[in-house]
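> Structure for the following, please:
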Amino acid sequence: VQCVPYAREKSGIEIYGDAHTWWSRAEPRYVRGQIPRPGAVLVLKKTQKMQHGHVAVVRDVINAREINVTHSNWGNSR
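Numbering: from 1, shown residues only. This next block holds a predicted model:
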């Protein structure tokens, strides 16, 4: 399963399109922010190696510098 449908299923957030577009597509339907919370979606920018970006769902916050996420298809070279 690709990361986008997986994140959509786990979070309930109904956004479609490449992972890197989720941040801009979220506004104004969803609250965006810089502080992770359980159930929030972490959006990673696209890079040369991750041309579609990546999304993951925050499972829990450990402390100010660490979080646990659940995600699918991380590191796929396609």
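> which element follows the longest helix belonging to the chain toward the C-terminus?
Ranked by residue count under DSSP state H, the longest helix found in the chain is helix 3-11. Sequence order places helix 22-26 as the next helix or strand after helix 3-11, per DSSP states H and E.
> Pull the residues that contact that following helix.
Helix 22-26 has contacts (Cβ atoms under 8 Å, 6 or more residues apart in numbering) with Val4, Ala7, Ile13, Ile15, Tyr16, Gly17, Arg32, Val41, Val43, Gly53, Val55. Backbone N, C-alpha and C define where each C-beta goes, glycine included.
> so how far is that helix off the chain centroid?
Distance, stretch centre to chain centre, for helix 22-26: 10 Å (Cα atoms, centre = their mean, to the nearest Å).
> And it, what's buried?
Trp22, Trp23 (16 or more other Cβ atoms under 10 Å).
> ok, then the element right after that helix?
Downstream of helix 22-26, the next assigned helix or strand under DSSP H and E is strand 41-44.
> Can you give the strand pairings for that next one, parallel or anti for each?
With DSSP bridges as the test, strand 41-44 is paired with strand 54-63 (antiparallel).
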